[in-house]
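Asks: this one's structure only:
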Ligand code: HEC
């Protein structure tokens, strides 16, 4: 068969390449202008089987965070199973808000008042661990540092110019920033990449660290309440799929047992 040579016009191809290069250059410039140094995250191991940590985390949350933050994706009653407590114990030991057992975990702070005093309404934290990750959350909670330039007097290593006050100042003590030269919005400047102790709090460093980890464990559970169950079910789902694969193969062998194949090349090697 005679092959005819197709004539192609190179102009559209060249135009597409030039356009792609322009877009790449524009994206690079835009990224360079907003480039910011990302401080390293501290890593944390979350163990949802650690019921003591979950309970302690729930108590810390109710006493220290619920004043401003809600967990409206969860109800007090749902905590009973995870914390291995009876509904009565939840009401007497965990739920300090005075809300009912079947109410969602809601802060008494009206968003309007919070905005008036803090500049921002404290966000709902139901999905915070899912959104930011446990490592970020742990780093955030342990990385407030003194910054006289801020209205609250503090700043945060992983949340620059955060509006949240340092609720741990009494327990942890104050911290000063560890800075290094880096970029914020494309400008070179000293960036806080860590913290070091400045004053003592009422807890030792190890006790405070445990408290922060317990809070992370609780908030992680709130974001992923079905994680343990889905892991347990997942093993069975994979086992059933495996079994069906074996059965399907047996049936395939059974069906094709008596079918004679034509000799000669197969369709794919013709
Ligand atoms: C006095 C009110 C107040 C208290 C108490 C408080 N926070 Fe906050 N928190 C805020 C505000 C306001 C913000 C919003 C910060 C911003 O957007 O600049 C915030 C933000 C956060 C964020 C980041 C949310 C995001 O945007 O990703 C986390 C996580 C958080 N708080 C956790 C906690 C935990 C845990 C506690 C309890 C130990 C707590 N907060 C106690 C006011 C509070």
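Replies: Structure's in. What do you need? Everything numeric here is computed off the predicted structure, so don't read it as measured data. Numbering: from 1, shown residues only.
Asks: Doesn't residue 40 lie inside a helix?
Replies: No: secondary structure assignment (DSSP: H, G, I helix; E, B strand; the rest coil) places residue 40 in coil, not in a helix.
Asks: and the nearest residue to it once chain neighbours are set aside, which of the three is it?
Replies: Spatial nearest neighbour of residue 40, chain neighbours left out: residue 193 (6.8 Å); criterion: CB to CB, 6 or more residues apart in numbering. Using the backbone N, CA and C atoms, a C-beta is placed for each residue, glycine as well. Secondary structure for residue 193, judged by three-state DSSP, is strand.
Asks: How about the contacts made by residue 193?
Replies: 37, 39, 40, 157, 178, 179, 180, 182 (CB atoms under 8 Å, 6 or more residues apart in numbering).
Asks: The third one: neighbour count?
Replies: When counting by other CB atoms under 10 Å, one arrives at 11 neighbours for residue 40.
Asks: separation between it and the ligand?
Replies: From residue 40 across to the ligand, the span is 18 Å (CB to the nearest ligand atom, to the nearest Å).
Asks: if we can go back for a sec, make JSON lines from the contacts of residue 193 and add pLDDT and distance to residue 60 to it.
Replies: Listed next are these as JSON lines, based on pLDDT from 0 to 100; distance: CB to CB, whole Å:
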{"residue": "37", "pLDDT": "86", "distance to residue 60": "31"}
{"residue": "39", "pLDDT": "93", "distance to residue 60": "24"}
{"residue": "40", "pLDDT": "94", "distance to residue 60": "25"}
{"residue": "157", "pLDDT": "97", "distance to residue 60": "21"}
{"residue": "178", "pLDDT": "96", "distance to residue 60": "26"}
{"residue": "179", "pLDDT": "95", "distance to residue 60": "30"}
{"residue": "180", "pLDDT": "94", "distance to residue 60": "32"}
{"residue": "182", "pLDDT": "92", "distance to residue 60": "32"}
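Asks: Which one of those residues is nearest to residue 18?
Replies: residue 37 (33.4 Å; CB to CB).
Asks: Surely the closest one is in contact with residue 182?
Replies: Yes: Residue 37 lies in contact with residue 182 (CB atoms under 8 Å); the separation is 3.0 Å.
Asks: So which residues on the stretch 1-150 of the chain come close to the ligand?
Replies: The stretch 1-150 of the chain has residues 64-65, 67-69, 118, 120, 122-123, 125, 128, 132, 137, 140-141 near the ligand, with proximity defined as CB under 6 Å from any ligand atom.
Asks: and with 5 Å instead?
Replies: Within the stretch 1-150 of the chain, the positions lying close to the ligand (CB under 5 Å from any ligand atom) are 64, 65, 67, 68, 118, 120, 122, 123, 128.
Asks: Tally up the residues packed near the last one, please.
Replies: Meaning residue 128. By the criterion of other CB under 10 Å, residue 128 has 20 neighbours.
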